[in-house]
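A.B. asks: Using only what follows, build the 3D model:
(one chain, ligands or ions: 2)
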Amino acid sequence: MKILADQNMPLVEQYFADFGDVERFDGRNLQPEQLVGVDILLTRSVTNVDKALLTQADKLKFVGTATIGVDHIDTELLAERNIAFSSAPGCNAVAVAEYVISSLYALSQENASSLHGKTIGIVGVGSIGSCLRDKLSLLGMNVLLCDPPKYEAGELAEHIELDTLLAKADIVTFHVPLVKQGPHKTLHMLDETRLKALKPGMTIINASRGDVIDNQALLALFEQGAKLDCVLDVWENEPNILTPLLDYVRYASVHIAGHTLEGKARGTQILYQQVCELEGIAALKSLDDFLPEPISHSVTLGETFNLDDIGRLVHLIYDVRRDDGILRSKLASEGFDSLRKNYPPRREFSTLSVAANSACEGALAALGFRINE
Ligand SMILES: NC(=O)c1ccc[n+]([C@@H]2O[C@H](COP(=O)([O-])OP(=O)(O)OC[C@H]3O[C@@H](n4cnc5c(N)ncnc54)[C@H](O)[C@@H]3O)[C@@H](O)[C@H]2O)c1
Ligand SMILES: O=C(O)[C@H](O)[C@H](O)COP(=O)(O)O
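C.D. replies: Ligands and ions are numbered 1, 2, ... in the order given. Coordinates of the predicted model:
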């Protein structure tokens, strides 16, 4: 079998070599002729898999994207052509939730304001949104949820409309797929009108897709003096982002919210499991076979460590300001895609085992740290 995989997808050789020859491609520049004779195509979010790309795909039987988002894939076309497809649902949900939590603690430190008692609105309550809901509720935040598709399907008990959520929340974080049309369209769901209605001092976090916020309208609002704390991991028109926005955004990153080693590796593993199923063989390889040792294993917290100190522990594992610094210092010289490709290793909270006092144990466990018995 011939397997064609994005050059930035980790562990493909380790997982797939038993199936056949693995060749790599540049995700933004895959050409139709490269698909001649290919059985399995493994992509990330930067490759549009559409009619034009598949014109010469004569043997393709499986397309996999090691991502949660599928807005770059024409799934109807794949179904029509009887090509099996899988994304990697949930693969980096924990990583994105940890990106948001790291941002919240960084803002709370820099603004000298506690997260306790703050109201956060989560827009999109799927894998990421529900993971965040569970963690933030245990940190003493009031959580509001907005997810019309889930609510209408009877899968979500609480739900408030987006405009009500925006009016009530101190912080709003977006975790929706990019949907370009229809009743639950998310393209520019934060448009000029909604942006203008935001209360001064609000925090807006977008780690979903750049097009969910109208970036030009956001820039215009900032230029008119709006006071918002904005955290952007995703941008309209990546990799050619609207750089003047950087002057106003508190933390900015190059679409890496999901890029923990675990999150990326889980994406490859899920596709491996799908291909094993397609081929009718047992999936024997697992993530633990491949992940490196974390740089720190365990920490013992003193009796005086309290809930207000949790941010320091979060930032020991991941501080979003590292990634903000990388973007600001290197975007002009290296470019957006190169910064993504060379993203420094980042681990998840679960790599740290914590001996904690009883006052903090519950909150730390909820955040995902391992608690020493
Ligand atoms: N920045 C990153 O690195 C990164 C990483 C992973 C995922 N993402 C993005 O985040 C998105 C969400 O990921 P997920 O795993 O939670 O997906 P998911 O499919 O599990 O959940 C998405 C939720 O959004 C809801 N939704 C759809 N339209 C909506 C609307 N108009 N208003 C409110 N809710 C709506 C859906 O009903 C669903 O519950 C992905 O589609 C992807 O685009 C970004
Ligand atoms: O949808 C996703 O899973 C994320 O946006 C994903 O982390 C994007 O990263 P990429 O595939 O471009 O490396």
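A.B. asks: hey, where'd the helices end up in this protein?
C.D. replies: Along the chain, counting by DSSP state H, helices occupy 12-16, 75-80, 93-110, 127-138, 148-152, 162-168, 192-197, 215-223, 261-279, 310-317, 320-334, 336-341, 358-367.
A.B. asks: mind putting the ones you listed in CSV, distance to S208 and mean pLDDT included?
C.D. replies: C-betas here are computed from N, CA, C, even on glycine. Converted to CSV, these look like this (distance: least, C-beta to C-beta, whole Å; pLDDT from 0 to 100):
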stretch, distance to S208, mean pLDDT
helix 12-16, 26, 97
helix 75-80, 19, 98
helix 93-110, 9, 98
helix 127-138, 8, 94
helix 148-152, 14, 98
helix 162-168, 14, 98
helix 192-197, 15, 98
helix 215-223, 13, 98
helix 261-279, 15, 97
helix 310-317, 21, 96
helix 320-334, 16, 98
helix 336-341, 17, 97
helix 358-367, 21, 91
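A.B. asks: winner for burial among the ones you listed?
C.D. replies: helix 93-110 (a mean of 23; mean count of other C-beta atoms under 10 Å).
A.B. asks: Does ligand 1 have contacts with it?
C.D. replies: Yes. Using C-beta under 6 Å from any ligand atom, helix 93-110 reaches ligand 1 at 93, 96.
A.B. asks: what is the orientation angle of that helix with helix 261-279?
C.D. replies: Interaxial angle of helix 93-110 relative to helix 261-279 (axes from the mean of the first three to the mean of the last three C-alpha atoms, to 10 degrees): 160 degrees.
A.B. asks: And helix 93-110, how far out from the chain middle?
C.D. replies: Relative to its parent chain, helix 93-110 has a centroid offset of 12 Å by C-alpha atoms, centre = their mean, to the nearest Å.
A.B. asks: by contact count, what packs against it?
C.D. replies: Packed against helix 93-110 by the contact rule (3 or more C-beta pairs under 8 Å, 6 or more residues apart in numbering; DSSP states H and E) you find helix 127-138, strand 203-206, strand 229-232, strand 251-252, helix 261-279, helix 310-317, helix 320-334.
A.B. asks: Say whether ligand 2 is contacted by that helix.
C.D. replies: No. Using C-beta under 6 Å from any ligand atom, helix 93-110 stays clear of ligand 2, coming no nearer than 7.8 Å.
A.B. asks: For that helix, list the C-alpha coordinates in PDB.
C.D. replies: Output of helix 93-110 as PDB, limited to C-alpha atoms (Å, rounded to 0.1, in the frame of the first residue of the first chain):
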ATOM      1  CA  ALA A  93      -9.700  18.500  23.200                       C
ATOM      2  CA  VAL A  94      -7.700  18.400  26.400                       C
ATOM      3  CA  ALA A  95      -4.900  20.400  24.800                       C
ATOM      4  CA  VAL A  96      -7.300  23.200  23.700                       C
ATOM      5  CA  ALA A  97      -9.000  23.200  27.100                       C
ATOM      6  CA  GLU A  98      -5.600  23.600  28.800                       C
ATOM      7  CA  TYR A  99      -4.700  26.500  26.300                       C
ATOM      8  CA  VAL A 100      -7.800  28.300  27.500                       C
ATOM      9  CA  ILE A 101      -7.100  27.600  31.200                       C
ATOM     10  CA  SER A 102      -3.500  28.800  30.800                       C
ATOM     11  CA  SER A 103      -4.800  32.000  29.200                       C
ATOM     12  CA  LEU A 104      -7.400  32.600  31.900                       C
ATOM     13  CA  TYR A 105      -4.800  32.300  34.700                       C
ATOM     14  CA  ALA A 106      -2.300  34.500  32.800                       C
ATOM     15  CA  LEU A 107      -5.000  37.200  32.400                       C
ATOM     16  CA  SER A 108      -6.100  36.800  36.000                       C
ATOM     17  CA  GLN A 109      -2.500  37.300  37.200                       C
ATOM     18  CA  GLU A 110      -1.800  40.300  34.900                       C
END
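A.B. asks: rewinding a little: of the helices and strands packed on helix 93-110, give the one that comes closest to ligand 2.
C.D. replies: Within the helices and strands packed on helix 93-110, the stretch nearest ligand 2 is helix 261-279; the backing value is 6.8 Å (C-beta to the nearest ligand atom).
A.B. asks: what does that closest one rub up against?
C.D. replies: Outside of helix 261-279, the residues within contact range by C-beta atoms under 8 Å, 6 or more residues apart in numbering are 9-12, 15-16, 19, 40, 42, 61-62, 64-67, 84, 86, 88-89, 91-92, 94-96, 258, 282-283, 285-287, 290-292, 345-348, 350.
A.B. asks: Now, the residues you listed that are in strands?
C.D. replies: Under the assignment DSSP state E, these contribute 40, 42, 62, 64-65, 84, 86 to strands.
A.B. asks: Please convert the buried members of the contacts of helix 261-279 into ChimeraX selection syntax.
C.D. replies: Per 16 or more other C-beta atoms under 10 Å, the buried members of the contacts of helix 261-279 correspond to this ChimeraX selection:
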select :9,11,12,15,16,19,40,42,61,62,64,65,66,67,84,86,88,91,92,94,95,96,258,285,291,346,347,348,350
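A.B. asks: which residues does the spatially closest residue to G129 that is not a sequence neighbour contact?
C.D. replies: In space, and not counting its chain neighbours, G129 is closest to H175: 4.2 Å by C-beta to C-beta, 6 or more residues apart in numbering. By C-beta under 8 Å, 6+ apart, H175 lies in contact with 96, 122-126, 128-129, 132, 207-208.
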